[in-house]
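A.B. asks: generate coordinates for the sequence data below:
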Amino acid sequence: MDCGRRNRTAFRIQIEKVHGVISSKSGLSALEEKHLAKRARHSQEDDCYMFKRCLTRSG
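C.D. replies: Down below sits the predicted model:
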């Protein structure tokens, strides 16, 4: 079990390093920002929809 934890930690560290290299070379951060903004917009729309739906049920 201890060996599995070490393997997961080592794998996570390798992925973080690769992500850092790719991000710095390809301008991935701009794409990530665009994706996160789109995701936040959709999340906000879903929240508004659920809020309106809850108001119509209670009233």
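A.B. asks: could you list the low-pLDDT ranges of this structure?
C.D. replies: 1-2, 27-28, 44-59 (pLDDT under 70).
A.B. asks: swap in 90 and give it another go.
C.D. replies: Residue ranges of the chain with pLDDT under 90: 1-6, 18-59.
A.B. asks: all helices of it, in order?
C.D. replies: 2-26, 28-58 (DSSP state H).
A.B. asks: what about the nearest residue to Glu32 once chain neighbours are set aside, neighbour count?
C.D. replies: Using C-beta to C-beta, 6 or more residues apart in numbering and skipping residues adjacent in sequence, the residue nearest Glu32 is Ser23, 7.8 Å away. For the C-beta atoms, the positions are set from N, CA and C on the backbone; glycine is no exception. Ser23: 14 surrounding residues under other C-beta atoms under 10 Å.
A.B. asks: ok, Ala40 next?
C.D. replies: The number of residues packed near Ala40 is 10, by other C-beta under 10 Å.
A.B. asks: what does Glu16 give?
C.D. replies: Glu16 has 10 neighbours, counted by other C-beta under 10 Å.
A.B. asks: do you know how far it is from Arg41?
C.D. replies: Going from Glu16 to Arg41 by C-beta to C-beta, to the nearest Å gives 28 Å.
A.B. asks: one step back: quick check: the residue nearest to Glu32 touching Ser29?
C.D. replies: Yes - using C-beta atoms under 8 Å, Ser23 is in contact with Ser29, at 5.6 Å.
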